[in-house]
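**Student:** sequence first, predicted model second:
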Amino acid sequence: MSDKCSTLSLPEDIYLRSLTGRLIGEHLFDGYRKIAIITFPDRICSALVAATLSSYTYYTGYSDNIGAVFTYDDNFGETAKKVATGSFDAVFIAYGGEQKLSTVNEAFKMTLKALMNAGYKRGMVIHVRVWLASKQLSTVLQDERLSGWLESLPEIRVLTADLDLKKFIFNKVKINKGKLTMTPYREALLTDEHAELLRKSIPPPE
């Protein structure tokens, strides 16, 4: 599934995900007690997920069954049923380290449809690369069924970045009749190194 599109080397990409995962686990998951993560089965996404869960267990408390990892594939419908019945507080969709944005967007839409059809009704957390790939969720909100389902979820959180100001922004999203509003609830400053790695990792337009 790999179609690497950043200008970073693999070691740099993995290091970047370690820096990013630390902040996601600390801030984007704050308040959740059990997290499901859905990711592509590739090296960079795996690095992000490992760093995220390590940070999350550190800040939340190390215990059994605090999280679970699921991979996206052609049989994702069955996986979605496991997520929907797993008593998770939220599901984090972490796609995009080695794929074109168009690939991420299509996988994201298929993931949401599978979760909707499986009856998932809890929190949703969206990574910044998915946010970019879906054009701030606009590709998803065009589907009335998906839009209505997302509106019904108790909470949606999104990670965004402002590289000029060198910070991550953690947001809560509300959807009302297909329209999206976003409210920041926390920010985290980035080091110069982290911001530069993020800048170099942004995929070029397709």
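**Tutor:** Ah, there it is.
**Student:** which parts of the one helix or strand residue 149 maps to are buried?
**Tutor:** Per DSSP states H and E: residue 149 is located in helix 144-152. Buried residues in helix 144-152, counted by 16 or more other CB atoms under 10 Å: 146, 147, 149, 150, 151. Placement of C-beta: from N, CA and C, glycine included.
**Student:** could you check the angle helix 144-152 makes with the following helix or strand past it?
**Tutor:** The helix or strand immediately downstream of helix 144-152 is strand 156-162, counting by DSSP H and E. With axes from the mean of the first three to the mean of the last three CA atoms, to 10 degrees applied, the angle from strand 156-162 to helix 144-152 works out at 90 degrees.
**Student:** run through who's touching strand 156-162.
**Tutor:** 24, 28, 90, 123-128, 131, 150, 167-175, 182, 190, 198 (CB atoms under 8 Å, 6 or more residues apart in numbering).
**Student:** paired strands for the very next helix or strand once past that strand, with orientation please.
**Tutor:** Per DSSP H and E, the first helix or strand lying C-terminal to strand 156-162 is strand 167-176. Sheet pairing of strand 167-176 (DSSP bridges) gives strand 156-162 (antiparallel), strand 179-189 (antiparallel).
**Student:** so which bits of strand 167-176 are buried?
**Tutor:** For strand 167-176, a neighbour-count test (16+ other CB under 10 Å) marks 168, 169, 170, 171, 173, 175 as buried.
**Student:** list the buried ones in stretch 8-23?
**Tutor:** For stretch 8-23, the neighbour count (16+ other CB under 10 Å) marks 8, 13, 14, 15, 16, 17, 19, 20, 21, 22, 23 as buried.
**Student:** many thanks, have a good one.
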